[in-house]
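Chemist: below: sequence and its predicted model.
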Amino acid sequence: MLSIKNLQVKLEDEDKQILKGVDLEVEAGKVHAIMGPNGSGKSTLSYVLSGKDGYEVTGGSATLEDIDLLDMEPEERAAAGLFLAFQYPVEIPGVGNMTFLRTAVNAQRKARGEEEMSAAEFLKVVRAKAKELKIDADMLKRPVNMGFSGGEKKRNEILQMAMLEPKMCILDETDSGLDVDAMKLVAEGVNALRTEGRGFLVITHYQRLLDHIKPDVVHIMANGRIVKTGGPELALEVENNGYADILAEVA
Ligand code: ADP
Ligand code: MG
Ligand code: MG
């Protein structure tokens, strides 16, 4: 599904290499997690995959079902089936959540050459998905993310994900304000959307999130590279002993 080979990335304005050859394969139906000490390049990886400005790819490749992602505009990546959870956390005064969601869904459909969803059809689908995810119907009417609590923003993110039906979801849980309840919401959302055809890459600074998500594969990133890959037990090892032992072992 997602294939990253020897990806090297530097800052555009500075002579600073951040990713120094990242290799990662996420298969359809699997949940991969990336953990690692602060500053190891986890967020940079997700930004580069999303097409955020300010980074320069100096080598390697990233493909989604063999399609080159790095050549595409961010909207094209979304149309190809990539979802990045932090792409839509902005507050948009005056724009109702429902309108925003419908615009995003139809933009994606248009880019794929599909017919737009009618207002009636959209309403039916969004209500059903909101119910499934235990999202209050009231939240659909409010302006996008305005005055949403941390937990509501997370719920909304999961709803966006459910509506866009991506092939590959990338979540970067950098929010240091993510409390246990919000963390559980993210985990429930991911678990609800886990299907055979969909891959997940969950980047997290909190090993606790992985207590709820149960990843298939765990990667440790340090100093711009994936330095160790293992099963869920790797997350437990980090939880119990921190990163020092793993980093010493791979050094
Ligand atoms: P992580 O998410 O693993 O904590 P980041 O990807 O945020 O790591 O950062 C990796 C390294 O790159 C850090 O040393 C960080 O300071 C640096 N970095 C990332 N983006 C920028 C930027 N826009 N300007 C300066 N330094 C940056
Ligand atoms: Mg950081
Ligand atoms: Mg980060």
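Modeler: Thanks, I have it. Computed from a predicted model, the values in this text were never measured in an experiment. Residues are numbered from 1 along each chain as shown. Ligands and ions are numbered 1, 2, ... in the order given.
Chemist: give me the phi and psi for the residue of the chain found nearest ligand 3.
Modeler: Using C-beta to the ion, the single residue of the chain nearest to ligand 3 is residue 43, 3.1 Å away. For glycine as for every other residue, the C-beta is placed from the backbone atoms N, C-alpha and C. For residue 43, the backbone dihedrals (degrees, to the nearest 10) come out as phi -70, psi -40.
Chemist: same question for residue 225.
Modeler: Geometry field for residue 225 lists phi and psi as phi -140, psi 160, criterion degrees, to the nearest 10.
Chemist: and residue 11, by the same measure?
Modeler: Taking degrees, to the nearest 10 as the convention, residue 11 sits at phi -70, psi 140.
Chemist: ok, back up a step: can you get me a residue count around the residue of the chain closest to ligand 3?
Modeler: A count of nearby residues for residue 43, using other C-beta atoms under 10 Å, gives 17.
Chemist: ok, it to residue 128 distance?
Modeler: Distance, residue 43 to residue 128, by C-beta to C-beta, to the nearest Å: 33 Å.
Chemist: and what of residue 191?
Modeler: In this structure, residue 191 lies at 18 Å from residue 128, with C-beta to C-beta as the measure.
Chemist: ditto for residue 111
Modeler: 24 Å.
Chemist: same check on residue 187?
Modeler: Distance from residue 187 to residue 128, counting by C-beta to C-beta: 22 Å.
Chemist: repeat for residue 230
Modeler: Applying C-beta to C-beta, the value for residue 230 to residue 128 is 38 Å.
Chemist: please apply the same query to residue 193.
Modeler: With the distance defined as C-beta to C-beta, residue 193 ends up 14 Å from residue 128.
Chemist: rewinding a little: quick one, which of residue 187 and residue 128 is more surrounded?
Modeler: Neighbours were counted for residue 187 and for residue 128 using other C-beta under 10 Å; residue 187 has more, 19 against 11.
Chemist: got the contact list for the more buried one?
Modeler: With contact set as C-beta atoms under 8 Å, 6 or more residues apart in numbering, residue 187 has these partners: 209, 212-213.
Chemist: now, which of those residues sits nearest residue 76?
Modeler: residue 213 (28.4 Å; C-beta to C-beta).
Chemist: I'd assumed residue 31 was in contact with the closest one.
Modeler: Yes. At 6.3 Å, residue 213 and residue 31 qualify as touching, with contact defined as C-beta atoms under 8 Å.
Chemist: what about the helices in the chain?
Modeler: In the chain, the helices defined using DSSP state H lie at 42-50, 74-79, 97-111, 119-132, 137-141, 150-164, 180-193, 209-213, 233-241, 244-250.
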